[in-house]
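Undergrad: what's the 3D shape of this:
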Amino acid sequence: MHTPTPEYGLKELQLETTFGGFGVETQNEIPMIDLSDFENRRQEIIDQLWQAATEVGFFQLVNHGLLNEAVHQAFELSEAFFSLPQEAKAAFPLKKGLNAGWEFMSQVRPSTRTADQKESFQITLPHMDDLWPNQTVVP
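TA: Residues are numbered from 1 along each chain as shown. From the prediction side, this is the model:
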């Protein structure tokens, strides 16, 4: 069993500075992680998630119980939100230290000392008060 350590983030950032900010192309396949029988396979799934996140960088979940319609709706709402003017999205700012809210070019890469050319809306359920766009903002 692999248990994440608090130092992981710092070590990863320090390692990134040696990459020159360009990354490395690999032939890895995207891991598919099966969430069926979650309660009985909890630790196994945790280990698979950790391995995929730290070794590949992303993964696909299967047998999660979400309806395809709900997944498609989430993508549609996401597209609608990110299509809004920057001023509208700024009404839902990232709560520093809580990983909740919208951010734009605010993460600085140690290797290049420049902001990532991206925006994101981070969802951390316990910290989402006043951060959910309503139907007036995203129809």
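Undergrad: contacts, neighbours, all on C-alpha from now
TA: Will do.
Undergrad: contact partners for the spatially most central residue of the chain?
TA: Nearest to the geometric centre of the chain sits residue 122, at 6.9 Å (C-alpha atoms, centre = their mean). Residue 122 is in contact with 94, 99-102, counting by C-alpha atoms under 8 Å, 6 or more residues apart in numbering.
Undergrad: for it, name its beta-bridge partners.
TA: Assessed by DSSP bridges, residue 122 has beta-bridge partners residue 101.
Undergrad: ok, it to residue 133 distance?
TA: Counting by C-alpha to C-alpha, to the nearest Å, the separation of residue 122 from residue 133 is 13 Å.
Undergrad: how close does residue 116 sit to residue 106?
TA: Going from residue 116 to residue 106 by C-alpha to C-alpha gives 7 Å.
Undergrad: what's residue 61 sitting at in phi/psi?
TA: Phi and psi for residue 61, reported as degrees, to the nearest 10, are phi -100, psi 140.
Undergrad: low-confidence regions, this protein specifically.
TA: 1-28, 139 (pLDDT under 70).
Undergrad: can you get me the start-to-end distance on stretch 90-105?
TA: For stretch 90-105, the end-to-end distance is 12 Å (C-alpha to C-alpha).
Undergrad: in it, what's buried?
TA: Going by neighbour count (16 or more other C-alpha atoms under 10 Å), the buried part of stretch 90-105 is 92-94, 99-104.
Undergrad: could you do stretch 113-130 as well?
TA: For stretch 113-130, a neighbour-count test (16+ other C-alpha under 10 Å) marks 121-123, 128 as buried.
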